[in-house]
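Participant: have a look at this fold, sequence not included:
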């Protein structure tokens, strides 16, 4: 697991490390969870292509800053033996005391879709793009994500920035799963087109919350606080009552999509992730399957 200081450096330097890349839709052992997809090439405008590149970078910056992942995805919960569940829910519970959900998620290094969306929105609002950016909510289900471009303007190809799923990737809104994303997301926060302000997160002031503090909080609630079998059983039991765990591995209709444009030979591959990240999440999926997920 990266150190907190290295994660802060990632954010401060405005970079995202993506070594040993793999295309997850082509990995045979992943297809039993994802299904099989026919690769497709989609030609987009120069502006949309640039938006996709920014989206992809912000997605992986967010993933690096929230390395424990989500508290409601089997891949993350069981890869961490339940620790992501504790961290994400503590971050939600203490958001107001920590300066907001983005800051709280960063301090616990985990978050559900709302936590991922808030961190991504802060990054987008401080990025070099002069495009409008938004933090939005789906009109179909309880799901938060971000967008580049104005989703309310039918003349624009709005691009989705959704770092929460197990296998994320940048895509156009029209290429998302409509049962999850919807055609007309509700805008929650908005930064207009034009030069963006300096970084809005107090990076130097952010300090990781000790895991012992998180554990003490859950001990007071009589919730198992040690990652392992007992906590995993508790999560499975809770899910049987409230169904909070999500089975969505991707929020894109066809993640085997490669975006191209006329002005460059570069491409944006929606299914490109790091090999190390894939191996971690695949292990979590396998562990989750033993619990019925």
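Facilitator: Great, that's in hand. This one's a predicted model, so the numbers in the text were calculated from it and none came from an experiment.
Participant: contacts for stretch 269-286?
Facilitator: With Cβ atoms under 8 Å, 6 or more residues apart in numbering as the test, stretch 269-286 has contacts from 17-27, 29-30, 33, 56, 63, 74-80, 166-171, 175, 249, 252, 255-259. C-beta here means a position set from N, CA and C on the backbone, and glycine is covered the same way.
Participant: which among those residues count as buried?
Facilitator: The neighbour count (16 or more other Cβ atoms under 10 Å) marks 18, 22-25, 30, 33, 56, 63, 74-80, 166-171, 175, 249, 252, 255-259 as buried among the contacts of stretch 269-286.
Participant: looking at these, which are in strands?
Facilitator: The strands, defined by DSSP state E, take in 22, 23, 171, 257, 258, 259 from the buried ones among the contacts of stretch 269-286.
Participant: the fifth one contacts residue 41, doesn't it?
Facilitator: It refers to residue 258. Yes. Residue 258 sits in contact with residue 41 when judged by Cβ atoms under 8 Å, with a separation of 5.1 Å.
Participant: quick one: average pLDDT of the lengthiest helix in the chain?
Facilitator: Secondary structure of the chain read by DSSP state H shows that its longest helix is helix 46-65. Across helix 46-65, the average pLDDT comes to 95.
Participant: what's that helix packed up against?
Facilitator: Under the contact definition 3 or more Cβ pairs under 8 Å, 6 or more residues apart in numbering; DSSP states H and E, helix 46-65 sits against helix 4-13, helix 113-125, strand 144-148, strand 159-161, strand 171-172, strand 257-261, strand 264-269.
Participant: and that helix, how far out from the chain's middle?
Facilitator: 12 Å (Cα atoms, centre = their mean, to the nearest Å).
Participant: just the closest of the ones in strands among the buried ones among the contacts of stretch 269-286 to residue 212, please.
Facilitator: Closest approach between those and residue 212, by Cβ to Cβ: residue 22, at 35.7 Å.
Participant: ok, the residue lying closest to residue 78 once chain neighbours are set aside - how many residues close by?
Facilitator: Spatial nearest neighbour of residue 78, chain neighbours left out: residue 287 (3.8 Å); criterion: Cβ to Cβ, 6 or more residues apart in numbering. Per other Cβ atoms under 10 Å, the neighbour tally for residue 287 reads 18.
Participant: kindly provide the distance from residue 287 to residue 77.
Facilitator: 9 Å (Cβ to Cβ, to the nearest Å).
Participant: list the contacts for residue 56?
Facilitator: 169, 170, 268, 272.
Participant: likewise for residue 257?
Facilitator: Going by Cβ under 8 Å, 6+ apart, the list of residues near residue 257 reads 39, 40, 41, 42, 171, 175, 269, 270, 271.
Participant: from the residues you listed, list the buried ones, please.
Facilitator: Buried subset of the contacts of residue 257 (neighbour count, 16+ other Cβ under 10 Å): 42, 171, 175, 269, 270, 271.
Participant: could you dump the residues you listed into JSON lines and include pLDDT?
Facilitator: Formatted as JSON lines, the buried ones among the contacts of residue 257 follow (pLDDT from 0 to 100):
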{"residue": "42", "pLDDT": "97"}
{"residue": "171", "pLDDT": "97"}
{"residue": "175", "pLDDT": "96"}
{"residue": "269", "pLDDT": "97"}
{"residue": "270", "pLDDT": "96"}
{"residue": "271", "pLDDT": "96"}
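Participant: so which of the residues you listed comes closest to residue 226?
Facilitator: residue 271 (35.4 Å).
Participant: can you count the residues close to residue 208?
Facilitator: 15.
Participant: ignore the last one, residue 268
Facilitator: 24.
Participant: same question, residue 139
Facilitator: Counted with other Cβ under 10 Å, residue 139 comes out at 13.
Participant: distance of the closest residue to it other than its chain neighbours from residue 153?
Facilitator: Leaving aside its sequence neighbours, residue 139 sits nearest to residue 182 (Cβ to Cβ, 6+ apart; 3.9 Å). For residue 182, the distance to residue 153 (Cβ to Cβ) stands at 16 Å.
Participant: looking at these two, which one has more neighbours?
Facilitator: The neighbour count for residue 182 versus residue 153, taken as other Cβ under 10 Å, is higher for residue 182 (19 against 10).
Participant: thought residue 137 was touching the more buried one, still the case?
Facilitator: No. Counting by Cβ under 8 Å, residue 137 is not a contact partner of residue 182; they are 9.0 Å apart.
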